[in-house]
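Visitor: Let me see the structure of the following:
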Amino acid sequence: MIAAYVRVSSRSQNLAMQRNAIEVCARGRREKIARWYCEKLSGAKVLRPALERLLDDARQGHINRLYVYRLDRLSRQGIAHMMRIVGELQHCGCIVQTVADGFSLEGPASEIILAVLAWAAKTERTAINERIAAARVRVEASGGHWGRPRRADDATVKRITKLDKEGRSIRAISIALKIPRGTVSNVLSKNGAYKPVVVKPAKKAPRKLAAGRVK
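Guide: Numbers count the residues shown, from 1 in each chain. The predicted model follows:
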């Protein structure tokens with residue numbers, strides 16, 4: 001069986017580009033993809049259901065060739081993890097065919113190529129995490145909110161608070177305002193987007209004395 005594995009990191013992303021590239025490559029080899037393994041999860045996650053199903057099918061000898069857009073679709077956890085996945089597939093008689101990397105994994109230098117790509121994928125993942133963390137610090141330091149936008153505006157928050165003080169239950173408030181109970185609960189508990197942001201005052205510059213000493 002000819003199979004393909006496609007993955008994107010978040011649910012907002014689309015798998016279409018990878019699928020199209022793989023289909024074009026397979027047609028060029030006069031092959032047709034019989035089964036697709038698709039998921040929207042980060043490559044840094046250890047447990048990925050579609051990948052596990054793929055490996056189970058490979059262990060049973062059901063897959064002769066596996067197409068992937070790039071090897072980093074299989075793993076971004078480093079050299080050892082990448083080598084384990086590809087090595088297991090090859091041990092089961094499955095040829096791994098990468099579309100966008102521009103090389104073959106069937107030659108004697110395949111292990112070196114795998115190691116370099118796995119290192120590059122993990123390095124890129126680390127850099128992305130560092131940029132996200134830095135952006136979050138900047139947003140929260142300026143009084144902004146990091147994460148999903150609030151589902152209730154300031155006026156709705158005030159109405160929720162007022163109804164709560166009147167003794168209304170979360171369910172009753174949800175029905176009255178026609179908003180999810182989870183939103184009402186988050187507003188009242190000050191969770192997520194409704195958590196107060198404390199902005200630390202800027203430190204004052206040290207005052208210089210006439211003699212040049214700093215007080």
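
Visitor: Can you give the domain ranges for this structure?
Guide: 2-126, 154-194 (automatic domain parsing).

Visitor: For my notes, please list the ones you listed in a markdown table and give distance to residue 138 for each entry.
Guide: Every C-beta, even on glycine, is put in place using the N, C-alpha and C of the backbone. Shown next, in a markdown table, are the domains of the chain (distance: least, C-beta to C-beta, whole Å):
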| stretch | distance to residue 138 |
| --- | --- |
| domain 2-126 | 19 |
| domain 154-194 | 17 |
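
Visitor: Mind picking out the helix or strand in this structure with the poorest mean pLDDT?
Guide: Among the helices and strands of the chain, helix 110-141 carries the lowest confidence by mean pLDDT, DSSP states H and E, at a mean of 67.

Visitor: Name the next helix or strand downstream of that helix, please.
Guide: helix 154-165 (DSSP states H and E).

Visitor: Identify each buried residue in the helix or strand following that next one, please.
Guide: Counting by DSSP H and E, the element after helix 154-165 in chain order, helix or strand, is helix 170-177. The neighbour-count check on helix 170-177 (16 or more other C-beta atoms under 10 Å) flags 170, 173-174, 177 as buried.

Visitor: What is helix 170-177 packed up against?
Guide: Where contact means 3 or more C-beta pairs under 8 Å, 6 or more residues apart in numbering; DSSP states H and E, helix 170-177 is packed against helix 154-165, helix 181-189.

Visitor: closest one to residue 84 among those helices?
Guide: helix 181-189 (39.4 Å; C-beta to C-beta).

Visitor: Using CSV, list the CA coordinates for the closest one.
Guide: Output in CSV follows, covering the C-alpha atoms of helix 181-189 (Å, rounded to 0.1, in the frame of the first residue of the first chain):
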residue,chain,number,x,y,z
ARG,A,181,-21.6,29.2,30.9
GLY,A,182,-17.9,28.7,30.5
THR,A,183,-17.5,32.4,29.7
VAL,A,184,-19.6,33.4,32.7
SER,A,185,-17.5,31.2,34.9
ASN,A,186,-14.3,32.7,33.6
VAL,A,187,-15.5,36.2,34.1
LEU,A,188,-16.5,35.6,37.7
SER,A,189,-13.3,33.6,38.5
